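> what shape does this take:
(one chain, ligands or ions: 1)
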Amino acid sequence: MQGPASRAWWRSAVIYQIYPRSFADGNGDGVGDLEGIVGRLEYLAWLGIEAVWISPFYPSPMKDFGYDVADFCDVDPIFGDLGTFDRLVEEAHRLGIRVLVDLVPNHSSDQHPWFIESCSSRDNPKRDWYIWRDSPPDRPPNNWIGAFLGRPAWTWHAATGQWYLHLFLPEQPDLNWANPQVEEAMHDVVRFWLDRGADGFRIDVAHAIGKDPALPDSPPELVLDPRASVHDDPATHPLLRRLRAMVQTYPQNPVLVGEVHLVDTVKIGEYYGNDDELHLAFNFPALYADWTAEAWKKQLADADAVFGPVDAWPTWVLSNHDEPRHRTRYGSEERARAAAVLLLTLRGTPFIYAGEELGLEDAVIPPERKVDPGNRDGCRAPIPWDPSADHGWGPDPWLPFPPEPETRNMESLKEDPESILHLYRRLLKLRRETPALNLGSFKVLESPEGTLLYQRELGGDRIFVLVNFSDAEVSFGDGRASGVQILVSTYGAGSGGEGNIDLVPASGAVVFRSAAQPGKPA
Ligand code: GLC
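Below is the predicted model of the structure:
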């Protein structure tokens, strides 16, 4: 692991998201846990992962499967205990893997002692830790709609005759960050995990923690759009600046990665501040982009326009625990392979969602097994680890497996050097060993229709990446790419060797080194 001297270790790292319920089961109860993660760290090191972000494992009534937190400084017994967390960090660090904790600052569970106190009376000292408003019992204070249920983001509390705000479920009341005591309490939470060795945080709903105290109505057309910028308020920025200043005092150079759930790259860029807010923010517009060369050229141009001039570092993410997996969205393994090449060779920090390296599709969930109020069970199916009948999960996994677990499991794919798993591993190795690919400059070049060609360059080393998004073979002849050194490709030999690139197979991609530039700047 690069030491503390490397302040921006997160620029060259690849971060792997673990959804703990679905990753690995250490005790056979059918629900993944921290012990399960410890048991798979060697696998992640073999794969070439340099940091993991673990979705919430806090004590929780699990209405939102852990994003409803009842204690920010402990571990739910279903996932283990603080001792297991400490061992996880120690073991991960021994293997050169950093550990990011999921910080959920926008809301708590309604079972959190703070909210229970807040509900007890209007003059309780914790009343103002949450967002309470007056309005008649039949009229919520504004028109906001809570995520998932399509109902008002307000719940009437009869005992004290006021409404409380919840941008998500009624069981997830929003904390009031305008109250300095809340900010201080959350800083204490952050210190708690940093003191235990955490290397940073993924920050849930990072853009929504500050609110306009007037809580104005949203424009009607935006009320039902959960990704709209309605909760993008200037009040959040000073809060993030103070959080950044605090974490910066820690020797491990913690990273703050924000879930800025907006669909506008310009808006997302604002959350980097003047290099004094988030270190990284998820660039979700790319996750929502279609799998076409045109759509991706636009994403790359947008990212370049926003992040380039201020030297902010972009992120790339194709899948997570909230969205259908990109293997499912894009529709084929060939495309998922080409997407792996793209994800791991762009300029910026890539995020891998556990299981995408196995080419997992979403599971098909029969109606009687649906458990998530947000309808996100498919992408949260348990990871099949081996071909055995229970795939490493005991008799009763909490959700059904993704398709073809008998063959599409970690052990079986590890035995097949042509598998998507080995493609991810080769790409990760190449990226680690090739400074041009992780820190180099980025430039899109002209290329045939349906393809994307770009150059990464550092210190005179020039690496080119060609991705064919189309479902047809594309000619890339004209001697433009002859005598090149093929580093990794999604087809054929996979890596190594000198050659020509004449035809790029349908939905294929190739990474190559060449002294001559194979295309004009686009
Ligand atoms: C974020 C999480 C999502 C969760 C929500 C509320 O969007 O990614 O899983 O349901 O916040 O905490």
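> make it CA atoms for all contacts and neighbour counts henceforth
Fine.
> now Trp154: how far from Ile131?
10 Å (C-alpha to C-alpha, to the nearest Å).
> between these two, point out the one with more neighbours.
For the pair Trp154 and Ile131, the greater number of neighbours falls to Trp154 (28 against 22), based on other C-alpha atoms under 10 Å.
> related to what we said a few turns ago, joint contacts of Trp154 and Ile131?
Common neighbours of Trp154 and Ile131, using C-alpha atoms under 8 Å, 6 or more residues apart in numbering, are 164-165.
> quick one: contacts for the residue of the stretch 351-500 of the chain found nearest the ligand?
Nearest residue of the stretch 351-500 of the chain to the ligand: Gly374, at 7.4 Å (C-alpha to the nearest ligand atom). Going by C-alpha under 8 Å, 6+ apart, Gly374 touches 147-149.
> kindly recompute the last result at 10 Å.
For Gly374, the contact set (C-alpha atoms under 10 Å, 6 or more residues apart in numbering) comprises 64, 147-149, 168-169, 322.
> just say helix, strand or coil for it.
Under DSSP: H, G, I helix; E, B strand; the rest coil, Gly374 falls in the coil class.
> the helix or strand hosting Phe201 close to the ligand?
Using DSSP states H and E, Phe201 maps to strand 200-203. No: applying C-alpha under 6 Å from any ligand atom, one finds strand 200-203 out of contact with the ligand, separated by at least 8.8 Å.
> now find how far off-centre that strand is within its chain.
Distance of strand 200-203 from the chain centroid (C-alpha atoms, centre = their mean, to the nearest Å) equals 10 Å.
> any idea how far Glu91 lies from the ligand?
Distance, Glu91 to the ligand, by C-alpha to the nearest ligand atom, to the nearest Å: 26 Å.
> got it, and Asn27?
Distance, Asn27 to the ligand, by C-alpha to the nearest ligand atom: 24 Å.
> strand partners (parallel or antiparallel) of the strand holding Phe201?
strand 98-103 (parallel), strand 255-258 (parallel) (DSSP bridges).
> of all these, which one is nearest the ligand?
Closest of the strands paired with strand 200-203 to the ligand is strand 98-103, at 9.4 Å (criterion: C-alpha to the nearest ligand atom).
> give the rounded mean pLDDT of the closest one.
Across strand 98-103, pLDDT averages out at 98.
> check what pLDDT Asp25 gets.
As predicted, Asp25 sits at a pLDDT of 98.
> which residues touch it?
Counting by C-alpha under 10 Å, 6+ apart, Asp25 has contacts 31-37, 39-40, 79, 382-383, 392-394, 397.
> same thing but 8 Å
So Asp25 contacts 31-33, 35-37, 392-393 (C-alpha under 8 Å, 6+ apart).
> re the thing from before, pLDDT wise, what is the residue of the stretch 351-500 of the chain closest to the ligand at?
On the pLDDT scale, Gly374 is placed at 94.
> hmm, Asp386 and Ser412 touching each other?
Yes: counting by C-alpha atoms under 8 Å, Ser412 does reach Asp386; the two are 6.6 Å apart.
> how much space between the residue of the stretch 251-400 of the chain found nearest the ligand and Arg151?
Residue nearest to the ligand within the stretch 251-400 of the chain: Asp322 (5.5 Å; C-alpha to the nearest ligand atom). Asp322 is 20 Å from Arg151, where distance means C-alpha to C-alpha.
> please enumerate the helices of the stretch 1-150 of the chain.
9-12, 20-23, 34-47, 82-94, 113-120 (DSSP state H, counting those that start in this stretch).
> is it possible to export those helices to CSV including mean neighbour count and distance to Asp290?
Below are those laid out as CSV (neighbours: other C-alpha atoms under 10 Å; distance: least, C-alpha to C-alpha, whole Å):
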stretch, mean neighbour count, distance to Asp290
helix 9-12, 21, 26
helix 20-23, 26, 27
helix 34-47, 19, 28
helix 82-94, 17, 35
helix 113-120, 18, 42
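> many thanks, I have nothing further to ask.
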